[in-house]
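Chemist: My questions concern the predicted model and sequence given below.
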Amino acid sequence: MHEIVDFIVNFAREFGYLGIFIMMFLESTFFPFPSEVAMVPAGYLASQGEMNLVIATVIGTLGSLTGALFNYFLAIKYGRRGVLKFGKYFFFNEEKLQKMEKFFVEHGSFSTFVARLIPGVRQLVSLPAGLSKMNLGKFSLHTTLGAGLWSMVLVMIGYFIGDNQALIEKYLHEIVLVTLFLIGVMTIVYVYINKRAKKI
């Protein structure tokens, strides 16, 4: 793990903000690349004065949005069959797509915000959004907000404890649990507000 982290830090150092953008773009597509691996080292480099904290967060968010848009337009252009045909090369199958569709249906457009905060889901929710031809403006807004929040959290972890792998793993685990709890609360509030709006 230590060697991998060193490699990513050196990659980010070598390619700068472009490297962060590329890694976060890949993380938001089919490519199984965890965002923690990209953004935590970026925060660490910011703590060393080699990157700007705000710029790194913005670039990471833009990378995530671009990757999400890639999946979104891929789904619109090629449809369900095309998504499954392309996705099989990245271990993406019918079962996973059905789970994403169920998640999308249950949470509506709000799911594109919620999903950006859930590991294993954030990369794929763009597909049902594209298949359902969700409004592009809403999709981009919710994706940007969710991706921006997650990127900021990861960058701050890297900034303050980027050289301590044990602490990173500990805090990432806790942050995921807290995030899932907050998502539950936000979803309940969102559903409640929607129901009230429909009654009016």
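Modeler: It's in.
Chemist: who's in contact with S140?
Modeler: Neighbouring residues of S140 by C-beta atoms under 8 Å, 6 or more residues apart in numbering: 65, 69. For glycine as for every other residue, the C-beta is placed from the backbone atoms N, C-alpha and C.
Chemist: same deal with the one 3 residues further on?
Modeler: Under the criterion of C-beta under 8 Å, 6+ apart, the contact partners of T143 comprise 64-65, 68-69, 112-113, 116, 126.
Chemist: go again using 7 Å as the cut-off
Modeler: 65, 68, 112, 116 (C-beta atoms under 7 Å, 6 or more residues apart in numbering).
Chemist: Pull the most distant pair out of these.
Modeler: L65 and T112 (10.7 Å; C-beta to C-beta).
Chemist: top of the contacts of T143 by neighbour count?
Modeler: A68 (32 neighbours; other C-beta atoms under 10 Å).
Chemist: For K99, see how far away Y44 is.
Modeler: 34 Å (C-beta to C-beta, to the nearest Å).
Chemist: In terms of neighbours, single out the busier of the two.
Modeler: Y44 (26 against 14).
Chemist: Wait, that one touches G158, no?
Modeler: Yes: counting by C-beta atoms under 7 Å, Y44 touches G158, with 4.4 Å between them.
Chemist: Run through the neighbouring helices and strands of the helix or strand hosting V58.
Modeler: Here V58 sits within helix 53-87, counting by DSSP states H and E. Other elements packing on helix 53-87 under the criterion 3 or more C-beta pairs under 7 Å, 6 or more residues apart in numbering; DSSP states H and E are helix 2-27, helix 35-47, helix 94-107, helix 126-131, helix 136-161.
Chemist: and of those, who's closest to A56?
Modeler: helix 35-47 (4.3 Å).
Chemist: Take that closest one, keep the C-alpha atoms, and write them as CSV.
Modeler: Presented in CSV, the C-alpha positions along helix 35-47 are these (Å, rounded to 0.1, in the frame of the first residue of the first chain):
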residue,chain,number,x,y,z
SER,A,35,-11.0,8.8,-5.5
GLU,A,36,-9.2,8.5,-2.2
VAL,A,37,-6.0,7.5,-4.0
ALA,A,38,-6.1,10.7,-6.1
MET,A,39,-7.3,13.4,-3.8
VAL,A,40,-5.6,12.5,-0.5
PRO,A,41,-2.1,12.7,-2.0
ALA,A,42,-3.2,16.0,-3.6
GLY,A,43,-4.0,17.3,-0.1
TYR,A,44,-0.7,16.1,1.1
LEU,A,45,1.1,17.9,-1.7
ALA,A,46,-0.8,21.1,-0.8
SER,A,47,0.4,20.8,2.8
